[in-house]
Structure formats: structure tokens, C-alpha cells
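S.K.: What would the 3D arrangement of this be:
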Amino acid sequence: MEKVLVTGASGYIALHCITELLNNGYAVRGSLRNMSRENEVREAVKTKVSDDNLEFCKLDLMSDDGWDDSASKCDYMIHLASPFIVGEPKNEDELIKPAKEGTMRALKAARKAGIKKVILTSSIVAIAYGHDKKICGSNDWTNTTKDVGAYNKSKTIAEKLAWEFINLPENNNLKMTTIHPGFVMGPLLSEDTKGASANFMAKMILGKFPALPNVYLHISDVRDTAMLHVKALKSEASDSKRILTTSTNDYHITKIAKIVKDSGFKKVSTKIIPTILFRVFALFNLEMKGILKNIKRGSYQTDNTQTVTIFNWEPTPIEKTVSDMALSMSKILRK
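M.R.: Below you'll find the predicted structure:
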């Protein structure tokens with residue numbers, strides 16, 4: 001049985017990747033920064049599949065400890081672990097440094113262990129910011145010389161470092177594919193609501209947004225994203241490719257709010273806060289300051305032709321993605 005090291009195993013996307021891997025006959029070694037979360041991850045996974053072939057290891061993006069041992073005897077790696085905070089940090093290095101160092105530790109461990117292929121979870125934010133292109137695809141890069149925000153910058157810099165490493169002559173035997181989701185939505189497997197989309201959905205359902213920012217979002221279904229991570233492991237056609245898991249069109253935030261409201265959650269607001277007023281509030285709120293980068297970017301399309309062609313993929317309809325997430329979140333909030 002082939003084994004996959006999945007870093008950041010307690011994360012929203014990671015839990016779906018783990019269940020997808022186990023359902024497809026892989027054994028999984030999941031890394032955690034805090035081993036006290038092992039039971040939480042197991043319980044989440046067991047809602048979908050047996051956890052018999054799931055084991056854990058302790059890893060930290062900022063520490064060398066354990067990386068070589070964790071990668072040993074694994075056939076593949078899915079590197080999902082990445083620093084994230086809701087909003088904008090006071091110092092961008094809070095995100096950039098662990099993103100860079102964690103990525104390099106993962107890749108060096110993969111090379112040493114003889115791992116066949118690494119799937120690196122990047123993001124649409126490494127593609128679509130710092131320029132005004134109206135159609136963005138796998139050949140585009142975020143311009144980090146512009147004010148794109150710390151998280152967007154961290155994902156872009158870490159991915160560029162990864163490609164530089166993979167393209168070194170001595171690393172010819174190590175293959176890599178990067179996966180680029182947008183704003184990830186869909187059902188939650190655990191009760192952790194601290195992630196960006198879970199936090200957003202919880203606040204929306206509870207009516208904590210009296211008005212919404214004038215922002216467009218590219219939605220990725222978490223199930224699609226996990227499935228594409230797993231399919232990419234053995235897809236030679238995806239080697240050295242950047243795979244977008246977003247739908248072609250973006251959606252205004254009021255479209256998402258309306259889907260949630262129509263799913264039975266009547267506290268949801270569909271009002272828009274004027275951007276000029278939002279900018280004033282953002283002067284005093286780091287979370288709102290982070291959203292400003294999305295408002296400034298405006299609407300654009302993504303070219304997911306490569307993903308559709310390689311994987312014969314059809315994105316899950318946004319209505320199902322959003323409503324499934326709202327319903328799963330409501331069950332958590334009722335507990």
C-alpha cells in the first residue's frame with residue numbers, strides 16, 4: 001500500500017484530502033504541529049472513512065525536527081501546511097518566513113526520502129494579484145512588488161521558491177504539481193471554525209455581517225480541490241503544472257449571501273457597505289484591511305482549461321458548494 005505524507009493534517013482542505021486518499025486505497029501519515037489534535041482529526045475522518053490506515057507525526061514549519069523521519073518510507077507528499085491569519089498581520093514576515101521555510105523543509109525532506117511526487121497547495125492569490133489582467137491562468141504570477149497583502153505575497157514567494165528547487169538538475173527525479181484553489185467552500189468535516197471560509201460562513205449565518213464588502217470571490221469546492229490533489233499524484237500529465245481549482249467566473253459576495261439565505265438562514269444580510277466607508281473602518285481593523293486587497297482587485301475570470309483537460313473535471317455548482325457548507329456549519333453552531 002502506497003503511503004502519502006500530508007502536512008497540516010488538521011486543516012479544512014487537508015481533512016478532505018485525507019478522506020479522499022484513504023477512500024482511494026492509500027495509507028496516510030498526517031503531520032500536526034500539536035499532537036493533542038490527533039483525536040480531533042481521527043473523529044473528523046471517521047465520519048467518512050475508516051481511519052485504520054491513518055497515522056500521525058509531529059512537524060513544525062519553523063523547525064527542522066522530524067521532517068526526514070516523517071517523509072521516510074512515504075511514496076508521495078501533499079504539502080498543505082501554510083501559515084494563515086484572518087486579516088493582515090502587523091509584520092508580513094509572520095506569514096512569509098514560515099511559508100518559505102516550511103516549503104523548503106518539505107521539499108528537501110521529500111528529496112532525501114526518495115518521494116516520487118509532491119503536490120504543493122498554492123492558491124489563486126499567487127496568480128491574480130498585483131496586476132489588472134481580466135483573465136488569469138496558470139502562466140500568470142502575482143506581482144509581489146505591488147501592495148498585494150502579506151498572505152498573497154507569502155503564497156507567491158513560497159511557490160516560486162518551490163519551482164526553483166524542483167528545477168535544479170539534481171532534483172530531476174522529484175516531480176511536483178501545484179494546486180491553486182480560490183476561496184474554498186463546501187462541507188466541514190471537523191468543528192474547527194477558525195479558518196477563513198469557516199469563520200466567514202459562521203459569521204454570515206449568525207447575522208454578524210450587517211453589511212458586506214463590495215468584493216468578488218472565486219469559489220473552489222473543497223471536495224473538488226481534495227479530489228484534484230489526489231488525482232494529481234499519479235497524473236503524469238500534471239507534472240510541472242499549475243492546476244487551478246476555481247470556476248471560470250467569480251461571484252459577487254451578495255450572490256453567495258443569497259444562496260445561504262435561500263438555504264433557510266434568514267439572518268443573512270445582502271446589503272453592501274460603501275467602499276469609501278469600508279476603507280475608513282479598515283484603518284482600525286486588520287481583518288478588514290486584508291479584505292481591501294480583494295476589493296481593489298475587482299472582478300476577473302480564471303482560465304481553468306488545463307485542469308478540465310487533464311482531469312476531465314467539471315466544477316461543482318456554486319449553489320451546492322455554498323449551501324452544503326451552510327448546512328454543515330449550522331449543525332456545528334447548534335452544538
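S.K.: And the helices in this structure?
M.R.: If you assign secondary structure with DSSP state H, the helices in the chain sit at 12-23, 38-45, 67-71, 93-113, 150-166, 196-205, 222-232, 253-262, 275-282, 286-297, 305-311, 318-334.
S.K.: between those helices, which gets the lowest average pLDDT?
M.R.: With a mean of 80, helix 286-297 has the lowest mean pLDDT of the helices of the chain.
S.K.: so that helix versus helix 253-262, what angle?
M.R.: What separates the directions of helix 286-297 and helix 253-262 is an angle of 120 degrees, with axes from the mean of the first three to the mean of the last three CA atoms, to 10 degrees.
S.K.: tell me which residues in helix 286-297 are buried?
M.R.: Buried residues in helix 286-297, counting neighbours by 16 or more other CB atoms under 10 Å, are found at 288-297. C-beta here means a position set from N, CA and C on the backbone, and glycine is covered the same way.
S.K.: which one of the residues you listed is nearest Ser220?
M.R.: Among the buried residues of helix 286-297, Asn294 lies closest to Ser220 (CB to CB), at 14.9 Å.
S.K.: Now the closest one. Nearest residue, chain neighbours left out?
M.R.: Nearest-residue entry for Asn294: Val215, 4.7 Å, with adjacent residues in sequence omitted and distances by CB to CB, 6 or more residues apart in numbering.
S.K.: Which two of the buried residues of helix 286-297 have the greatest separation?
M.R.: Largest separation among those by CB to CB: Met288 and Arg297, giving 15.4 Å.
S.K.: quick one, what contacts the residue nearest to Asn24 when sequence neighbours are not counted?
M.R.: Using CB to CB, 6+ apart and skipping residues adjacent in sequence, the residue nearest Asn24 is Val230, 5.9 Å away. Neighbouring residues of Val230 by CB atoms under 8 Å, 6 or more residues apart in numbering: 17, 20-21, 24, 26.
S.K.: burial count for the residue nearest to Asn294?
M.R.: 23 (other CB atoms under 10 Å).
S.K.: cool, and Lys146?
M.R.: By other CB under 10 Å, the burial measure for Lys146, its neighbour count, is 14.
S.K.: Report pLDDT for it.
M.R.: At Lys146, the pLDDT recorded in the model is 94.
S.K.: how close does it sit to Leu15?
M.R.: The gap separating Lys146 from Leu15 is 34 Å, by CB to CB, to the nearest Å.
S.K.: What lies in contact with stretch 257-267?
M.R.: The contact list for stretch 257-267 (CB under 8 Å, 6+ apart) reads 201, 204-207, 212, 268-270, 318-319, 322-323, 326-327, 330.
S.K.: Oh, that last question was meant for stretch 315-332, not what I typed.
M.R.: The contact list for stretch 315-332, computed with CB under 8 Å, 6+ apart, reads 185-188, 191, 193, 197-198, 201-202, 205, 219, 221-224, 245-247, 251, 255-256, 259-260, 262-263, 265, 304.
S.K.: From those residues, list just the buried residues.
M.R.: For the contacts of stretch 315-332, burial is judged from neighbour counts taken by 16+ other CB under 10 Å, and it is met by 185-188, 193, 197-198, 201-202, 205, 219, 221-224, 245-247, 251, 255-256, 259-260, 263, 265, 304.
S.K.: mind listing what the closest residue to Ser190 other than its chain neighbours touches?
M.R.: Nearest-residue entry for Ser190: Ala44, 4.0 Å, with adjacent residues in sequence omitted and distances by CB to CB, 6+ apart. Ala44 sits next to 15, 189-190 when contact means CB under 8 Å, 6+ apart.
S.K.: Looking at these, state which has the most neighbours.
M.R.: In terms of neighbours by other CB under 10 Å, the contacts of Ala44 top out with Leu15 at 27 neighbours.
S.K.: For the closest residue to that residue other than its chain neighbours, give me its contacts.
M.R.: Spatial nearest neighbour of Leu15, chain neighbours left out: Leu189 (4.4 Å); criterion: CB to CB, 6+ apart. Taking CB under 8 Å, 6+ apart as the contact definition, Leu189 lies against 12, 15-16, 19, 44-45, 47-48.
S.K.: could you redo these as TSV and give each row distance to Gly137?
M.R.: Formatted as TSV, these follow (distance: CB to CB, whole Å):
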residue	distance to Gly137
Tyr12	25
Leu15	29
His16	25
Thr19	30
Ala44	34
Val45	34
Thr47	36
Lys48	32
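S.K.: Select only the buried ones of those in ChimeraX?
M.R.: Buried residues within those, by 16+ other CB under 10 Å, are selected in ChimeraX with:
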select :12,15,16,19,44,45,48
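S.K.: Of the contacts of Leu189, which is the nearest to Phe284?
M.R.: When the contacts of Leu189 are compared for distance to Phe284, the smallest value, 28.6 Å, is given by Tyr12; criterion: CB to CB.
S.K.: Surely that closest one and Ser197 touch.
M.R.: Yes: checked against CB atoms under 8 Å, the pair Tyr12 and Ser197 is within contact range at 7.1 Å.
S.K.: what is in contact with those two at once?
M.R.: Val184.
S.K.: related to what we said a few turns ago, out of the contacts of Leu189, which is nearest to Phe278?
M.R.: If you rank these by distance to Phe278 using CB to CB, Tyr12 comes first, at 26.2 Å.
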